[in-house]
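Trainee: Could you work out the structure for the sequence below:
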Amino acid sequence: MFFKILINVSDKRFRKLKLKNLFDNLTFYKNKRNWDVEIFTNDLVKDHFFISRLLGLKIVKVEKLKKKSLLYYTKNQSFSTTTKKFEISNFKKETSKINIFIPSSTAFGSGSHPSTFLVIRNLEKIFMKGKFKKLSFLDVGTGTGILSFVIYKLSNKKIHATDVDLESQSCFYRNIKLNSISNFRFYRCNGLNNNYLKKKKFTLIVSNILLLPLKKLAKDFKKHLESGGILIVSGILYSQKNDIVNCYSKFNLKLVESIHIKSWVSLIFKKYAIN
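Mentor: Purely as a prediction, here's the structure:
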């Protein structure tokens, strides 16, 4: 089920918040001194809360859309994101960097959102430092699969990814083929709630979702990380950083690095052995 959220903001607020950097799928039109902004989402609860409670904006209208209506908008928005090692876009292009092709879709994770870009930067950094002698990784809430593809391209190791959303599963399998990846395993489940994962541990877990589900997953992250393992999380506002750091510290997950862009932050935690 897909929705269009309509908000109206002043020109000053529109420029200050930089809304076009906060959402993957939106359109905006100048209306005298204000901007009419349409945000397209398949997670109304999450985005409604973010817009009204965290950004403090008044929602003018919420409209239910047919799936093809949302795809019309997303397919007509081109994007290209460049990091130190990668060129990520929704159209095929010649590049000297590692190319990842993510067609526009209704699943989250194009690389254009700051939260996704930050995780990729953190991944590039830890792989450059040679943190992993033996790598096994899990991408929780994979969306389009973009973070799994980045790790695969950096390591050439088998992909393990989860997502509860049926649309994500469809996008993931399509994008696997488009990026010529064959060594993978996708689990459609909520978080890590899958029989195959019950006793499995990983040296690296990544998750780009939101604060509340990230806090709920703290115990599972601890359980499924090897001692000395790395956890990278994103989808968090800078103002929420202390909240999640305090939460994870109770589960022996210690913050080792933090990077941010504007109001978004991505954090790297390490699981230390208990003395």
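Trainee: how about the helices of the stretch 101-250 of the chain, start to end?
Mentor: Under the criterion DSSP state H, counting those that start in this stretch, the stretch 101-250 of the chain contains helices at 114-128, 146-155, 166-178, 211-216, 218-224, 241-249.
Trainee: Check these for me and report the most buried one.
Mentor: helix 146-155 (a mean of 24; mean count of other Cβ atoms under 10 Å). For every residue, glycine as well, the C-beta is placed using N, CA and C.
Trainee: who does that one touch, helix- and strand-wise?
Mentor: strand 86-89, strand 98-101, helix 114-128, strand 137-140, strand 159-162, strand 202-208 (3 or more Cβ pairs under 8 Å, 6 or more residues apart in numbering; DSSP states H and E).
Trainee: JSON lines please, covering those and showing distance to Lys12 and mean pLDDT.
Mentor: Formatted as JSON lines, the helices and strands packed on helix 146-155 follow (distance: least, Cβ to Cβ, whole Å; pLDDT from 0 to 100):
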{"stretch": "strand 86-89", "distance to Lys12": "32", "mean pLDDT": "88"}
{"stretch": "strand 98-101", "distance to Lys12": "36", "mean pLDDT": "89"}
{"stretch": "helix 114-128", "distance to Lys12": "21", "mean pLDDT": "92"}
{"stretch": "strand 137-140", "distance to Lys12": "38", "mean pLDDT": "98"}
{"stretch": "strand 159-162", "distance to Lys12": "41", "mean pLDDT": "96"}
{"stretch": "strand 202-208", "distance to Lys12": "30", "mean pLDDT": "97"}
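Trainee: before we move on, back to that, out of the helices of the stretch 101-250 of the chain, nearest to Ile98?
Mentor: Set against Ile98 and scored by Cβ to Cβ, those come closest in helix 146-155, at 5.1 Å.
Trainee: how is this protein carved up into domains?
Mentor: 2-75, 80-271 (automatic domain parsing).
Trainee: any idea which of the ones you listed is most buried?
Mentor: domain 80-271 comes out most buried of the domains of the chain by mean count of other Cβ under 10 Å, with a mean of 19.
Trainee: wait, which of the helices of the stretch 101-250 of the chain is closest to Ser263?
Mentor: helix 114-128 (8.1 Å).
Trainee: so which of the helices and strands packed on helix 146-155 comes closest to Arg13?
Mentor: Taking the helices and strands packed on helix 146-155 one by one with Cβ to Cβ, helix 114-128 is closest: 18.4 Å.
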